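Colleague: Have a look at this prediction, sequence included:
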Amino acid sequence: MGCSTCQLLHSMVRFGSCSFDFIDDIMPHVWEKRPDVRVWIVGMDPSPRLLAYAQNKNINVTGTVDDMRPYLTKATLAAAPISYGVGIQNKVLEAMACATPVIASQQAISALDIEVGKEIVLADDPLDFAKKVISSLDDRERRDSIGRAGRQFVERNHDWTVITARLEEVYTQSLYHQSIRDNRGDNEKPELGEFMGIMKE
């Protein structure tokens with residue numbers, strides 16, 4: 001599978017230029033069951049090969065956009081079939097923040113402490129991805145539930161006010177530990193595990 005993200009009424013969006021595998025390996029299985037589904041490929045500087053996909057009436061290639069949110073909020077689903085580990089995917093979080101249900105590969109969420117099946121849908125390979133897309137399109141109640149839970153996940157874990165509060169806590173605890181070391185005349189550097197423990201709080 002490739003990189004990026006997608007959405008679809010029944011419409012899906014995929015972000016970025018690495019959408020070839022998604023279109024070639026996943027969507028044919030979807031269109032076999034749901035020929036009405038439309039794909040929006042959103043991302044800057046699409047290649048000629050990617051632009052050629054727009055000849056398909058079910059595929060829209062936007063190129064660069066100023067704001068992803070209008071596409072995400074109108075989408076039925078967002079898809080992130082990323083095939084390599086790249087840390088937290090901002091596009092995945094952006095889709096979740098819009099309460100758009102996300103179907104993702106394991107690599108796309110490898111850095112997220114997220115509850116699969118409740119806050120996001122996990123797919124392992126192109127055929128499984130297609131099945132998850134079809135089942136999600138057919139179950140609006142579950143889509144809405146995952147979309148809401150995904151947004152709540154972002155609000156709990158990636159809202160700037162929450163992140164700032166956590167950083168302030170880490171800073172306060174670091175000062176506290178430093179004052180203890182100063183009082184006992186301990187000039188040794190703290191163990192790495194000490195700070196890692198604080199960061200996990």
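Modeller: Arrived safely.
Colleague: Endpoint to endpoint, stretch 66-75 covers what distance?
Modeller: 17 Å (C-alpha to C-alpha, to the nearest Å).
Colleague: Please, where are all the helices along this protein?
Modeller: Listed in chain order, the helices found in the chain under DSSP state H are 20-21, 27-33, 48-52, 69-74, 90-97, 126-137, 140-157, 160-183, 192-199.
Colleague: Comparing the ones you listed, which yields the minimum mean pLDDT?
Modeller: Mean pLDDT per stretch puts helix 192-199 lowest among the helices of the chain, at a mean of 36.
Colleague: Kindly report the domain assignment for this protein.
Modeller: Residue ranges of the domains in the chain are recorded as 6-157, 160-199, according to automatic domain parsing.
Colleague: Show me which positions of stretch 67-86 end up buried.
Modeller: In terms of neighbour count (16 or more other C-beta atoms under 10 Å), stretch 67-86 has its buried residues at 68, 71-72, 75-82. Yep, even glycine has a C-beta here, placed from its N, CA and C like the rest.
Colleague: Among those, name the ones in strands.
Modeller: Using DSSP state E, the members of the buried residues of stretch 67-86 that fall within strands are 77-80.
Colleague: before we move on, back to that, which two among the buried residues of stretch 67-86 are spaced furthest apart?
Modeller: When the buried residues of stretch 67-86 are compared pair by pair using C-beta to C-beta, the two farthest from each other are 76 and 82, 19.9 Å apart.
Colleague: who touches the nearest residue in space to residue 106 that is not next to it in sequence in this structure?
Modeller: Here the nearest residue to residue 106 in space, its sequence neighbours aside, is residue 122; by C-beta to C-beta, 6 or more residues apart in numbering that works out to 6.4 Å. Counting by C-beta atoms under 8 Å, 6 or more residues apart in numbering, residue 122 touches 103-106, 109, 116, 132.
Colleague: Please apply the same query to residue 63.
Modeller: The contact partners of residue 63, by C-beta under 8 Å, 6+ apart, come to 43-46.
Colleague: Can you give me the distance of it to residue 53?
Modeller: Counting by C-beta to C-beta, to the nearest Å, the separation of residue 63 from residue 53 is 12 Å.
Colleague: if I look at those two, which residues touch both of them?
Modeller: Contact with both residue 63 and residue 53 is made by no residue, according to C-beta under 8 Å, 6+ apart.
Colleague: tally of neighbours for the residue lying closest to residue 31 once chain neighbours are set aside?
Modeller: Closest residue to residue 31 apart from its sequence neighbours, by C-beta to C-beta, 6+ apart: residue 37 at 6.5 Å. When counting by other C-beta atoms under 10 Å, one arrives at 20 neighbours for residue 37.
Colleague: what's the span of stretch 54-64, first residue to last?
Modeller: Stretch 54-64 end-to-end distance (C-alpha to C-alpha) = 15 Å.
Colleague: For that stretch, buried residues please.
Modeller: Residues of stretch 54-64 classed as buried by neighbour count (16+ other C-beta under 10 Å): 58-62.
Colleague: Same check on stretch 140-151?
Modeller: By neighbour count on 16+ other C-beta under 10 Å, the buried set for stretch 140-151 is 143, 146-147, 149-151.
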